[in-house]
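Chemist: Make a model of this:
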Amino acid sequence: MPLTAGIVGLPNVGKSTLFNAITKSQVEAANYPFATIQPNVGVVEVPDARIDRLVELFHPKKTIYTTFEFTDIAGLVKGASKGEGLGNQFLSNIRLTDAICHVVRCFDDHDITHVEGSVDPIRDIEIINLELIMADLQTVENRLGKIERKAATNKDKEALAEVSVLKKIQEALAAGKAARSVELDKEELLIIKSMSLLTLKPMIYIANMSEEEIGDASNNAYYQKVKAFAEAEHNEVVPICAKIEEELSELEKTEKDMFLSDLGIGESGLDKVIKAAYHILDLCTFLTAGEDECRAWTFHKGMRAPQCAGVIHSDFQKGFIRAETYSFKDIDELGSEHAIKEAGKLRLEGKEYIVQDGDVMHFRFNV
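Modeler: Here you go, the predicted model:
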């Protein structure tokens, strides 16, 4: 399945402009086998120069990059948790996402009205964060209302454990703190996993800046404030210019590279957001390559070879025998699988092998 993120933010911060860029860039439905793309969902390919290089070497019939799915939450305003605006109706759409992208306005423009009357990114962040906290508090209290009776009546061990975790989180949420601020062990996190709490998800702040300032984000005072805020939360912040992203979405790759070069920017803001998501979620990529297909696959850092085989198909994991593996770096340098074998760089890895980012793998299995 693709990596997923929900986009939130106040009106007039550049969220719609960014989402327009995402939907214009999205992969064709034919290349996205997982689901029908809804109007508020954009699916983009994750750029990977390693796949481009493998395509040069193998000339495959098909090329498949990993994908990143964005869900747009419209109408989130101050008081949404109490029924203001429309956003609270749609928060359930991002409960199953991996991360939340929070777009924050970091530019002055007298022609674009701010819903709160002035540009203040930290105030805006706190408004949205409070709405997410209040939505989670409602979820936790609803669950507590059901599970507490069971715990008290039956002295059920699992129910008692769940009540204990929920009470901790309830206390933090009631104090205006995110669920991720509560120290929880692996077992406690497993207990509440199915609740998909919004404030337990990693947050990526997207600092939307003007075209004039994006070339040197460090000189933007608003961005510096958001950066300090994100660092204190152990979250990520990415500077972008949503207007430029929309322009980039209408260009071919060569034109896009030239445009970015003229602006003095190495890569698009959208690519930076995706990289930040991979980093904050501890994700990596392994590759498969051949004449039929070159493909990138996302996996969690620390996964062993059979688990990664299961990313492709559950039968691969069940009947795993071994993984024939070499590093992308080696094939990039040597130029062919034949040269890899000749140089003794092809490895046979077993069930205990921890897969590395950039491994090119061929799984042997028998079911």
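Chemist: got a list of what the residue sitting nearest the centre point of the chain touches?
Modeler: In the chain, the residue lying closest to the centroid (C-alpha atoms, centre = their mean) is Ala277, at 4.1 Å. Ala277 sits next to Leu3, Ala5, Phe68, Asp98, Ala99, Cys101, Pro202, Ile204, Glu236, Leu283 when contact means C-beta atoms under 8 Å, 6 or more residues apart in numbering. In short, each C-beta sits where N, CA and C put it, glycine included.
Chemist: What helix or strand is it located in?
Modeler: Assessed by DSSP states H and E, Ala277 sits inside helix 269-280.
Chemist: Dump that helix to PDB, restricted to CA.
Modeler: Taking C-alpha atoms only, helix 269-280 is exported to PDB below (Å, rounded to 0.1, in the frame of the first residue of the first chain):
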ATOM      1  CA  GLY A 269       8.900  21.200  -2.100                       C
ATOM      2  CA  LEU A 270       6.700  18.200  -2.800                       C
ATOM      3  CA  ASP A 271       9.700  15.900  -3.100                       C
ATOM      4  CA  LYS A 272      11.100  17.400   0.200                       C
ATOM      5  CA  VAL A 273       7.800  16.700   2.000                       C
ATOM      6  CA  ILE A 274       7.900  13.000   0.800                       C
ATOM      7  CA  LYS A 275      11.600  12.700   2.000                       C
ATOM      8  CA  ALA A 276      10.600  14.200   5.400                       C
ATOM      9  CA  ALA A 277       7.800  11.700   5.700                       C
ATOM     10  CA  TYR A 278      10.200   8.800   4.900                       C
ATOM     11  CA  HIS A 279      12.600  10.100   7.500                       C
ATOM     12  CA  ILE A 280      10.100  10.700  10.300                       C
END
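Chemist: how much distance is there from that helix to the middle of the chain?
Modeler: Centroid displacement of helix 269-280 relative to its chain, using C-alpha atoms, centre = their mean, to the nearest Å, is 7 Å.
Chemist: Stretch 303-316 too?
Modeler: The answer for stretch 303-316 is 21 Å, by C-alpha atoms, centre = their mean.
Chemist: what is the rounded mean pLDDT of it?
Modeler: The pLDDT scores in stretch 303-316 average 96.
Chemist: and that stretch, how far apart are its ends?
Modeler: 15 Å (C-alpha to C-alpha, to the nearest Å).
Chemist: Name the residues of that stretch that are buried.
Modeler: Using 16 or more other C-beta atoms under 10 Å as the test for burial, stretch 303-316 gives Met303, Arg304, Ala305, Pro306, Gln307, Cys308, Ala309, Gly310, Val311, Ile312, Phe316.
Chemist: Kindly provide the distance from Ile265 to Cys284.
Modeler: Shown here: Ile265 relative to Cys284, a distance of 25 Å by C-beta to C-beta, to the nearest Å.
Chemist: and what of Ile122?
Modeler: 33 Å.
Chemist: more crowded one of those two?
Modeler: Neighbour count, other C-beta atoms under 10 Å: between Ile122 and Cys284, Cys284 has more, with 18 against 13.
Chemist: The spatially closest residue to the more buried one that is not a sequence neighbour: neighbouring residues, count only.
Modeler: Leaving aside its chain neighbours, Cys284 sits nearest to Asp357 (3.7 Å; criterion: C-beta to C-beta, 6 or more residues apart in numbering). By other C-beta under 10 Å, 15 other residues sit near Asp357.
Chemist: Asp357 is in what secondary structure piece?
Modeler: Using DSSP H and E, no helix or strand contains Asp357.
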